[in-house]
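J.: What shape does this take:
(chains A and B, ligands or ions: 1)
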Amino acid sequence: MIKTEIYEQVIFETIKRGATEISKDVKLAFERAIEKETKQDAKKGLIATLKSMEMSKIRENPLCVDTGWPIFYFKVGNECELEGGFMELENATRRAVAKATEKGYIRATMKHPLTGYDPGNNVGENIPNFTYKFVDGKDIEIIYVAKGGGSECFGGTRHKVIAYADGVEGIKKFVVDCFVASTRAGAICPPSVLGVGIGGTANVAANLAKEAACLRTVGSSHPEKAFNDIEKELYKALNGLGIGIMGAGGDTSVLAVNVEYAYTHIAGICVATSSNCMVARRASTLIKDGGEVILQESPTWFDNRS
Amino acid sequence: MAEYHLVAPLKDSDVEKLNIGDVVYISGEAFTCRSRLQKYIFDEKNVLPVSIKDRNVLIHNGPIVVKENGKWKLVSFMPTSSIRFEKWGAKSVDEWNLKMIVGKTTMGKKTMEMMKEKKCVHVSPQSVSPNLWIDSIEVQDVYLYDELGRIEACWFFRLDDIGPFIVDIDTKGNNYFDALEQEVLKKRDEVLKSIGVDPDFEYTELYRER
Ligand code: SF4
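T.: Numbering: from 1, shown residues only, chains lettered A, B, ... in the order given. Now for the predicted structure:
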């Protein structure tokens, strides 16, 4: 049995870490991009961003002011027991989000969609949002994602149902054209971590795209060759567009392209994209059945993606 | 591309010399706004409770500000996307007598026309680096905090040489990103061909787009 006190504290700390600390894989991707960049202004922008992100850890302030939608993923052992049950896990998450907002680790960004009412604590209808995955065992992995507004609103996150006849060619064209449109004037804050979801109903494809963008380790590969080939092709192709940091021209436009898929109805293939902005914020913590807490470098939402 | 260190309030001559692609750093007084403030003023017909005469640099931004020992402390700052304020862009430039808008992305056609007429530029950041800026921003005051909430409120800032920002709209009606878009679109065709996609590939029409 994992005590409420423990998981509530872990959730709070995971929010703080996700919002204020750059992930190791993202840092590595930045260092590589800086080394490769041939356009001087773009190089300066990448260096400034990395420097600021490193300062955030010390200052305990957000990597970017817009901490966006607070989204949680729980990878739960089938025999995991939580004090108060799963409804209490969600209540504890809402309390932790409110506390992190009050402390200034995340910004009070969530508003009523029609009236604009501001609860001031990022807690409201369906927000924070929860996704669960069940696995063997008794542990729980808690993942927090701060999904920024720019990368979500300006065409980085879209979907289209194409005919089965349009196949891989149609999939790749959709991704490239979405990316070109959404990076104009740097709207989605490239270089992006681009997630692509293929198959399933539209919501399934969109969820897979979001998970691919936010939960996969930057630099990881899909284990199935057909999908890994698409990842590699798109990565090279998008970086050949010359979009660069903040869309002002440069060699690195994506830090990664991650593809996930679901079986589909042959009547149509849904293709969805989800772009994560360059700061790519998320953090993951594992709580063992006995209450032991392990900070993870990267979420382990997907198996066999290395 | 030239580099300028400007001091607000800005004069016509300060901004007229700027060309797209130039880099600027800004000092002096500025104010912030987001959609809620523009809707409040321009659609709901309220008046700003304070004079912005001599404050002609607008920053599209919703900062994180906390109160510490009775004083405002800026925790984080990053300009937000200007393009989403296009509906009120021309009105803001005109009625607020703006000389410079600081924001991510750029503005649309209507605002650009007004900017040309009224001599105003748009500048945008080339990095996401709040920590390289917050030490150079002093929070002077806030208005409409209770009415609009913490991040939609109108914050008054004093800037100390913050930048670099790139001029993406100048006073002559040029847009840096329009020029770049043409280059990207040219590369798009080559890039699609390189991954086995015909740039003119047409999708099977499953339904009529409306
Ligand atoms: S899209 Fe850009 S401005 Fe928005 S959170 Fe991400 S990096 Fe920040």
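J.: rest of the way, CA atoms for contacts and neighbours
T.: Noted.
J.: Let me know the average pLDDT across the helix or strand harbouring A:L46.
T.: Assigned by DSSP states H and E, A:L46 belongs to helix A:40-59. On average, the pLDDT along helix A:40-59 is 96.
J.: cool, and stretch A:187-194?
T.: Per-residue scores along stretch A:187-194 average to 97.
J.: ok, the lengthiest strand in chain B near chain A or not?
T.: Secondary structure of chain B per DSSP state E: the longest strand is strand B:154-169. No. Using C-alpha under 8 Å from any C-alpha of the partner chain, strand B:154-169 never reaches chain A; the gap is at least 8.8 Å.
J.: next SSE after that strand?
T.: helix B:176-194.
J.: And the ligand, is the helix holding A:L46 touching that?
T.: No. Counting by C-alpha under 6 Å from any ligand atom, the ligand has no neighbours in helix A:40-59; the shortest distance is 9.6 Å.
J.: ok, then the element right after that helix?
T.: According to DSSP H and E, the helix or strand after helix A:40-59 is strand A:69-77.
J.: Which single residue in the stretch 151-300 of chain A comes nearest to chain B?
T.: Nearest residue of the stretch 151-300 of chain A to chain B: A:A185, at 4.6 Å (C-alpha to the nearest C-alpha).
J.: Was I right to think that residue contacts A:G244?
T.: No. In this structure A:A185 lies outside contact range of A:G244 using C-alpha atoms under 8 Å: 10.3 Å.
J.: the strands in chain B, which residues?
T.: B:3-7, B:23-33, B:57-60, B:64-68, B:71-76, B:100-102, B:121-125, B:137-143, B:154-169.
J.: Dump the fourth one to CSV, keeping only the CA atoms.
T.: When you say that, I think you mean strand B:64-68. C-alpha atoms of strand B:64-68 as CSV (Å, rounded to 0.1, in the frame of the first residue of the first chain):
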residue,chain,number,x,y,z
ILE,B,64,4.8,34.8,-13.9
VAL,B,65,5.0,37.4,-11.1
VAL,B,66,4.8,36.6,-7.4
LYS,B,67,4.7,38.9,-4.4
GLU,B,68,7.7,38.6,-2.1
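J.: same for it, what does it pack against?
T.: strand B:71-76 (3 or more C-alpha pairs under 8 Å, 6 or more residues apart in numbering or on different chains; DSSP states H and E).
J.: Residue 147 - how many residues pack around it?
T.: Picked chain A for this. 24 (other C-alpha atoms under 10 Å in any protein chain shown).
J.: other chain: chain B
T.: Neighbour tally, B:E147, other C-alpha under 10 Å: 12.
J.: Disregarding residues adjacent in the polypeptide, which is nearest to it?
T.: Leaving aside its chain neighbours, B:E147 sits nearest to B:A153 (7.8 Å; criterion: C-alpha to C-alpha, 6 or more residues apart in numbering or on different chains).
J.: Next: B:V142.
T.: Nearest one to B:V142, counting by C-alpha to C-alpha, 6+ apart, is B:W155 at 4.4 Å.
J.: dump the residue contacts of that neighbour.
T.: B:31-33, B:139-143 (C-alpha atoms under 8 Å, 6 or more residues apart in numbering or on different chains).
J.: what lines up beside the lowest-mean-pLDDT helix or strand in chain B in the sheet?
T.: Every helix and strand of chain B was ranked by mean pLDDT, DSSP states H and E. The lowest is strand B:64-68, at a mean of 89. Note on strand B:64-68: by DSSP bridges, its sheet partners are strand B:71-76 (antiparallel).
J.: quick one: is the strand it pairs with near the ligand?
T.: No. Applying C-alpha under 6 Å from any ligand atom, one finds strand B:71-76 separated from the ligand by no less than 10.7 Å.
J.: Please apply the same query to stretch A:90-105.
T.: No. On the criterion C-alpha under 6 Å from any ligand atom, stretch A:90-105 is out of touch with the ligand, staying 13.3 Å away.
J.: Can you tell me what sits against that stretch?
T.: A:4, A:7-9, A:11-12, A:15-16, A:19-20, A:60-62, A:70, A:106-108, A:120-123, A:128, A:130, B:64-66, B:75.
J.: now do stretch A:112-129
T.: By C-alpha under 8 Å, 6+ apart, stretch A:112-129 touches A:69-72, A:93-94, A:97-99, A:101-102, A:107-111, B:36, B:149-150.
J.: Now do the SS call for the closest residue to A:A181 other than its chain neighbours.
T.: Leaving aside its sequence neighbours, A:A181 sits nearest to A:G155 (C-alpha to C-alpha, 6+ apart; 6.9 Å). Here A:G155 is coil, with the state taken from DSSP: H, G, I helix; E, B strand; the rest coil.
J.: my guess is A:G155 meets A:G186, correct?
T.: No. Between A:G155 and A:G186 there is no contact under C-alpha under 8 Å: 11.4 Å.
J.: ok so, going back, list buried residues within the contacts of B:W155.
T.: Buried members of the contacts of B:W155, scored by 16 or more other C-alpha atoms under 10 Å in any protein chain shown, are B:31-33, B:139, B:142-143.
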